[in-house]
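Trainee: structural data only, the sequence is not supplied:
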């Protein structure tokens, strides 16, 4: 059996002109980070190190979801409350009963958290123009107004738009901006100082440059431009290290090492990592992925019965995870008391065929090295 350090060294082979510029990986097992490895460059001339802040992309979503769940637990929001009771404009719907959008008044906070709202994944390309540099409020207005593509509760339809609406909901009942709520309610209590929104000052020297980003070479380039970083989109705008990301995932694994001071209750954490979709079909449109039986918790994706999955063949059905378009993946397997975060700095848009089998091989090697 290979050691954990040997298992992680396979990421050295990922670094190449046709692969990724840089990569970092960390593994948590039974209460502590037991191994980490890094390879390649964060930026030209700067090697990846333990302090490198990668664009988390959609790995942001479970962190955002935890913020919303904290508001639910204190009673400021209700999990099955209708969104329109807080944001009346959201419930304005089509008059055609055959149109899925006629049911938008029935969308609940639970639907948004586990992608059952029926909202599309994102704005259409023609609507998502950044030439006029819209602020986050304007982008959220556009996303909240998108018509439903399926009826609430009918189909899992992975949606960035749903998380834009969740952030607005949180701000409508919270005492601060969304990322200030996240910092105070989730990140600081967990001691996660290396997950940040809007990195600036000395943190900018730690941010990895993400290759093949959208709008390359412009001042609105995704992940890399000051404009984009300043947006801090709730569905994909955080930056972080693999160490803090794997600790965040591990904080949801029940066991003797579970933090008694965790900001969420055991029941809240359990709801985030267990399936809320109940056998409905669905998928991720941008990833061209569809499941006859989807599975998703309140923020975290759940592996369940899915095959050819990014978390590998050896992780258990209880595994929860999230991947991000910037080349990021984090998962935790409660059955094995094991978690892994692996971040690269090249988008998966044209690299799905490269990154997916490597995620699988790495995940399987980590499970084997853990002795399970």
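Mentor: Looks like it arrived, so ask away. Because the structure is a prediction, the values reported are computed rather than measured.
Trainee: quick check: residue 185 is in a helix.
Mentor: Yes - the assignment for residue 185 is a helix, going by DSSP: H, G, I helix; E, B strand; the rest coil.
Trainee: where are the low-confidence patches of the protein?
Mentor: 125-129, 256-259, 372 (pLDDT under 70).
Trainee: residues contacting the residue nearest to the spatial centre of it?
Mentor: With distances taken as C-alpha atoms, centre = their mean, residue 59 lies nearest the centre of the chain, 2.4 Å away. Applying C-beta atoms under 8 Å, 6 or more residues apart in numbering, we find residue 59 in contact with 238, 240, 245, 322, 323, 324, 328, 329, 330. Where C-beta positions appear, they are placed from N, C-alpha and C, glycine not excepted.
Trainee: show me those residues that map onto helices.
Mentor: residue 245 (DSSP state H).
Trainee: CSV for the contacts of residue 59, including neighbour count and distance to residue 134?
Mentor: Shown next, in CSV, are the contacts of residue 59 (neighbours: other C-beta atoms under 10 Å; distance: C-beta to C-beta, whole Å):
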residue, neighbour count, distance to residue 134
238, 28, 20
240, 28, 25
245, 30, 29
322, 23, 26
323, 23, 26
324, 21, 22
328, 27, 25
329, 25, 29
330, 27, 29
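Trainee: just the ones of the contacts of residue 59 in strands?
Mentor: Among the contacts of residue 59, the members falling in strands are 240, 322, 323, 324, 328, 329, 330 (criterion: DSSP state E).
Trainee: which among these gets closest to residue 114?
Mentor: Nearest to residue 114 among the ones in strands among the contacts of residue 59 is residue 322, at 12.5 Å by C-beta to C-beta.
Trainee: pretty sure that closest one sits against residue 330.
Mentor: Yes - contact criterion C-beta atoms under 8 Å: residue 322 and residue 330 qualify, at 6.0 Å.
Trainee: and the strand ranked longest in the chain, which strands flank it?
Mentor: Identified as the longest strand of the chain according to DSSP E is strand 32-43. In the sheet, strand 32-43 lines up against strand 22-29 (antiparallel), strand 46-47 (antiparallel) (DSSP bridges).
Trainee: that older thread, format the contacts of residue 59 as CSV; extra columns: distance to residue 29.
Mentor: Below are the contacts of residue 59 laid out as CSV (distance: C-beta to C-beta, whole Å):
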residue, distance to residue 29
238, 25
240, 20
245, 15
322, 20
323, 21
324, 23
328, 20
329, 17
330, 15
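Trainee: closest one of the ones in strands among the contacts of residue 59 to residue 50?
Mentor: Nearest to residue 50 out of the ones in strands among the contacts of residue 59 is residue 240 (C-beta to C-beta; 12.1 Å).
Trainee: now do the same contact list for that closest one.
Mentor: Counting by C-beta under 8 Å, 6+ apart, residue 240 has contacts 53, 54, 56, 59, 192, 194, 195, 196.
Trainee: can you list the buried residues in stretch 221-239?
Mentor: Buried residues in stretch 221-239, counted by 16 or more other C-beta atoms under 10 Å: 221-225, 227-229, 231-239.
Trainee: give the closest residue to residue 144 in space, chain neighbours not counted.
Mentor: Once flanking residues are discounted, residue 144 sits nearest to residue 165: 5.2 Å by C-beta to C-beta, 6 or more residues apart in numbering.
Trainee: what ranges does the protein have for its helices?
Mentor: With DSSP H as the criterion, the chain has helices spanning 4-8, 60-73, 109-113, 136-144, 160-173, 178-182, 226-231, 242-250, 266-273, 352-369.
Trainee: residue 29: neighbour count?
Mentor: 20 (other C-beta atoms under 10 Å).
Trainee: go on, the one 10 residues further on?
Mentor: The number of residues packed around residue 39, counting by other C-beta under 10 Å, is 21.
Trainee: wait, it sits on residue 16?
Mentor: No - look at residue 39 against residue 16 with C-beta under 8 Å: they stay out of range, at 10.5 Å.
Trainee: next, show the common contact partners of these two.
Mentor: Contacts common to residue 39 and residue 16, judged by C-beta under 8 Å, 6+ apart, are absent.
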